[in-house]
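give me a 3D structure for the following:
(one chain, ligands or ions: 1)
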Amino acid sequence: MVKRLGKIGIGILVVALAFFSFGCERQNKKENKETSKSTLSSYTEPYRPQFHFSPEEKWMNDPNGLVYHNGTYHLFYQYYPDSTVWGPMHWGHAVSEDLVKWQHKPIALFPDKNGFIFSGSAVVDTKNTSGFGTDTTPPMVAIFTYHDMEGEQAGKTDFQTQGIAYSLDNGDSWSKYEDNPVIKNPGIKDFRDPKVFWNEKEQLWSMLLVAGDHLQIWNSENLKEWKKVSEFGKDKGSHGGVWECPDMFPLKIEGTEEVKWVLLISINPGAPNGGSGTQYFIGDFDGTTFTTEQIENKWIDLGRDNYAGVTYNNTPNNERIFIGWMSNWDYARETPTQKWRSAMTVPRNLSLKSTNGVLELYNYPIPQLKEIIDEAYPENAFELKENQKKIIALKYGNQSEITFTVNNPNMKILFSNETGDSLDITFDRYNKRVTFDRAKSGKTDFSEKFAEGIQQIPLTNLPEDPIEIRMLLDHSSIELFINKGQYVLTNQVFPNADYTECTIENNSDKPVNIDDFTERKVQRIW
Ligand code: FRU
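Numbering: from 1, shown residues only. Presented below is the predicted three-dimensional model:
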């Protein structure tokens, strides 16, 4: 973690630590008041996402505590209210009734004597097992990692522990449990990011916790006393970096009654296209232990900017809704925004589908997003002969949805503008891959790593044509969904002006047939 800060960061942190270790509560109240007083900016700064969640100002990373309660979706997030770079972590908070429009709330959790508040989850303790609420007012309970920065800097290994806090007013105010931490550190340097869920089979709470190179599962009757019951993963999956932000849930294989469990593990570094990425495992969970026969590494998103994503607890109809942090630790602190830093992906539905006999996790925007996407008539159906191209003028700048279906997806898609920026995506069905090149997409010189290399995405299991292509552009991001979320690429871009043209060019010796090419305006949510 120290690596992430740099020298200036450490200086700031030392001062910050001295500040936090004394009179913490008073400070919390003051800041909370200020946050709740502040009003929304116009959200019109350059690169400001218009339909993705971003904090009003300052630094944000992982989504935390995703939970639905009493008609409200809560989004907590790693937040540092004093700077646009990472620092002493708090939990920021926002709420939504539809997962489309968000309302900012005051900061939910502040650092205290046990440390900064790192990533974690939240549950609704319906049976009041914790005793924090009453039978009629079930508490919301947040479970998070305490990061003791002084301990880390002193070279200790036990500086990450797990704590809990509860709210009896739908997340508006929070009390920390007086006997925190509830799980002490057994001497493992990276020991964090608790994801708690109700374990139906055992009728108790289960917690997923990452411990450096593996996952641990802990059980509890009351959210306060925890017992480790199993481990997974030392010899499974990708280990290019530390394991972070676990999540696990059952999903029915589409079109069948068969249920499999999916485990998400974020790793940093070690993603296939560099830096941070999220792998998944499909397997079984017997109530205590997760097992899998999966051999190959699988990734939820093959772009560079979808990290630390997790899913909602307690959703109506048991939907599995995922939100990721739309950035990458390789350059997250350097992206060219002024007032705030980074955004979340659009919420996506996760599903398990078997294609050509292979089970895969699909992720695709929630249908509610349609509420803010304008109706439009499909405009263009066209055929491109060998090496032929078509230039389509874009009407809605970088705030749009573009969809089409394609027969013979052997083509280049180029987004460009009059300042000379060009974003280059190629589809190559013959060699089974997509490439994404943002070297000339706009501003890239803020970090050497941002545009390093061309992203390569294997398309090993695409079904027969036609294939649906869907792209969401929101000023500084592009989310590309191939075949309804079978392959997904999420990437940030910082063009010098909106892209005004989309050129599609045939890369093959057979005709490429595009159907229903449609550009739709997406309404802003702020
Ligand atoms: C993932 C992560 C988590 C940690 C948090 C700190 O991006 O490193 O493992 O809890 O960020 O902000």
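
list the buried ones in stretch 465-477?
466-477 (16 or more other Cβ atoms under 10 Å). From N, CA and C alone the C-beta is placed, and that goes for glycine too.

with stretch 389-408 instead?
390, 392, 394, 396-406, 408.

list just the nearest of those to the ligand.
Of all the buried residues of stretch 389-408, the ligand sits closest to Asn398, with 26.1 Å by Cβ to the nearest ligand atom.

residues touching the closest residue to Ile425 other than its chain neighbours, list them.
Of all residues not flanking Ile425 in the chain, Ile413 sits nearest, at 4.5 Å (Cβ to Cβ, 6 or more residues apart in numbering). Taking Cβ atoms under 8 Å, 6 or more residues apart in numbering, we find Ile413 in contact with 424-427, 502-504.

quick one: contacts for Gly287?
199, 201-202.

between the residues you listed, which is closest to the ligand?
Asn199 (22.8 Å).

and the closest one, bridged to which residues?
Leu204 (DSSP bridges).

quick check, pLDDT for it.
Note on Asn199: pLDDT of 98.

thinking it is in contact with Asn219, fair?
Yes - Asn199 lies in contact with Asn219 (Cβ atoms under 8 Å); the separation is 7.0 Å.

shared neighbours, the two?
Common neighbours of Asn199 and Asn219 (Cβ under 8 Å, 6+ apart) are 205-206.

of all the residues in the stretch 301-450 of the chain, which one is nearest the ligand?
Nearest residue of the stretch 301-450 of the chain to the ligand (Cβ to the nearest ligand atom) works out as Ala308 at 4.3 Å.

ok, which residues in this structure are in contact with the ligand?
When proximity is defined by Cβ under 6 Å from any ligand atom, the chain lies next to the ligand at 61-62, 78, 89, 118-119, 145, 192-193, 244-245, 308.

so which of those wins on neighbours?
Most neighbours among these, by other Cβ atoms under 10 Å: Cys245, with 30 neighbours.

list the contacts for that residue?
62, 119, 193, 195, 210, 264-266, 278, 308-310.

out of these, which are inside strands?
Mapping those onto strands (DSSP state E) picks out 62, 119, 193, 195, 210, 264-266, 278, 308-310.

list just the nearest of those residues to the ligand.
Of the ones in strands among the contacts of Cys245, the one sitting nearest to the ligand (Cβ to the nearest ligand atom) turns out to be Ser119, at 3.5 Å.

out of the helices and strands in this protein, which is least certain?
helix 24-37 (a mean of 41; mean pLDDT, DSSP states H and E).

re the thing from before, so which of the contacts of Ile413 is the closest to Tyr362?
Phe427 (18.3 Å; Cβ to Cβ).

now for the residue nearest to the closest one when sequence neighbours are not counted, how many residues are close by?
Nearest non-adjacent residue to Phe427, counting by Cβ to Cβ, 6+ apart: Pro409, 4.3 Å away. Look at Pro409: counted by other Cβ under 10 Å, it has 25 neighbours.

wait, Glu468 touches Lys484, no?
Yes - using Cβ under 8 Å, Glu468 is in contact with Lys484, at 5.8 Å.

please name the nearest non-neighbouring residue to the spatially most central residue of the chain.
Centroid-nearest residue in the chain, with Cα atoms, centre = their mean: Gly324, separated by 0.8 Å. Nearest non-adjacent residue to Gly324, counting by Cβ to Cβ, 6+ apart: Gly309, 3.0 Å away.

who are the contact partners of the residue lying closest to Arg320 once chain neighbours are set aside?
Excluding the flanking residues, the one nearest Arg320 by Cβ to Cβ, 6+ apart is Leu350, at 4.3 Å. Counting by Cβ under 8 Å, 6+ apart, Leu350 touches 249, 251, 262, 311, 320-322, 361-363.
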